[in-house]
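Participant: no sequence for this one, just the structure:
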């Protein structure tokens, strides 16, 4: 939604963007992913903008789990960041009933910064 609004308010923005990296969409599921479902008009504006888009879809992020051993490695770190992260994970686990966090946004951030371990395919979006 924010990107669509920015593209509408600033017509020259499209030429300044090298690409958009988004966590959104679901390309091999038979349902609409939440971010697109909540604002399909904004998704349409972004996808039709002509800006190259690297989309990290829900169908991929759902396979990116933080394992129990990875969580255990965080526990000994007594820093403000690890305390915050562990608190957020505890809240997520309590809210969802799941034990291993799904790294939806983290995978998209990785795709924006480096993405060397990710494979991307060209797909049409309709």
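Facilitator: Yep, it's here. Computed from a prediction, not measured in an experiment: that's the story for all the values here. Numbers count the residues shown, from 1 in each chain.
Participant: in the top helix by length along the chain, what counts as buried?
Facilitator: Determined from DSSP state H, the single longest helix within the chain is helix 80-96. For helix 80-96, the neighbour count (16 or more other C-beta atoms under 10 Å) marks residue 89 as buried. All C-beta spots, glycine's among them, are computed from the backbone N, C-alpha and C.
Participant: how far is that helix from where the chain is centred?
Facilitator: Here the centre of helix 80-96 is set off from its chain's centre by 18 Å, with C-alpha atoms, centre = their mean, to the nearest Å.
Participant: what's the average pLDDT for that helix?
Facilitator: The pLDDT scores in helix 80-96 average 84.
Participant: Report the rounded mean pLDDT for the next helix or strand after that helix.
Facilitator: Past helix 80-96, heading to the C-terminal end, the next element that is a helix or strand (DSSP states H and E) is helix 104-113. The average pLDDT for helix 104-113 rounds to 84.
Participant: which other residues reach helix 104-113?
Facilitator: Contact with helix 104-113 is made by 21, 22, 23, 54, 56, 58, 60, 61, 62, 64, 117, 118, as judged by C-beta atoms under 8 Å, 6 or more residues apart in numbering.
Participant: can you check stretch 42-56 too?
Facilitator: With C-beta under 8 Å, 6+ apart as the contact definition, stretch 42-56 has outside contacts at 1, 3-5, 7-8, 14, 17-25, 27, 35-36, 107-108, 111-112, 115, 118, 120, 125.
Participant: and the lowest-mean-pLDDT helix or strand in the chain, what does it pack onto?
Facilitator: Per-element confidence for the chain was summarised using mean pLDDT, DSSP states H and E. The lowest value among helices and strands belongs to helix 68-74, with a mean of 74. Using 3 or more C-beta pairs under 8 Å, 6 or more residues apart in numbering; DSSP states H and E as the contact criterion, the secondary-structure elements in contact with helix 68-74 are helix 80-96.
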